[in-house]
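Colleague: Everything below, folded, please.
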Amino acid sequence: MTVLIVAILGGRTKEEWYSWVTDRVKQNYGYQTPATVPQIYAQSRLMAFKARRGSTGRADRMRAEREDAGGSAFGGFARVLGSTGGITFHPAGGISGGGLNVRR
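Modeller: Prediction:
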């Protein structure tokens with residue numbers, strides 16, 4: 001986060017301005033800083049957000065479980081690529097490897 005303070009000196013030097021602001025802060029001049037953050041969103045909007053966040057989290061967990069179990073669209077293919085046998089291609093015999101044998 002960045003904060004930019006523009007000091008209008010009003011004829012003061014920079015040191016006088018610092019002293020003036022320090023005195024005002026010590027005397028609690030101006031508006032008090034709230035002790036708590038005010039509620040800015042309606043309760044219904046917060047509930048809808050929490051529901052969306054919950055369903056997204058469930059969907060993400062289910063997707064991760066499917067991928068861990070090899071149930072994704074590329075799960076079987078990824079297992080073949082990751083196997084120690086690799087994939088081989090024989091022009092007369094098709095593609096084979098890791099239990100996969102495709103012939104045309």
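Colleague: can you give me the strands in the protein?
Modeller: Taking DSSP state E as the criterion, the chain carries its strands at 88-90, 94-97, 100-102.
Colleague: measure the closest residue to residue 12 other than its chain neighbours to residue 9 for me?
Modeller: Spatial nearest neighbour of residue 12, excluding adjacent residues (C-beta to C-beta, 6 or more residues apart in numbering): residue 20 at 6.4 Å. Heads up, the C-betas are built off the backbone N, CA and C, glycines and all. Separation of residue 20 from residue 9 (C-beta to C-beta, to the nearest Å) stands at 9 Å.
Colleague: again with residue 45
Modeller: Distance from residue 45 to residue 9, by C-beta to C-beta: 44 Å.
Colleague: now swap in residue 65 and tell me
Modeller: Distance from residue 65 to residue 9, counting by C-beta to C-beta: 63 Å.
Colleague: And residue 58, by the same measure?
Modeller: 57 Å.
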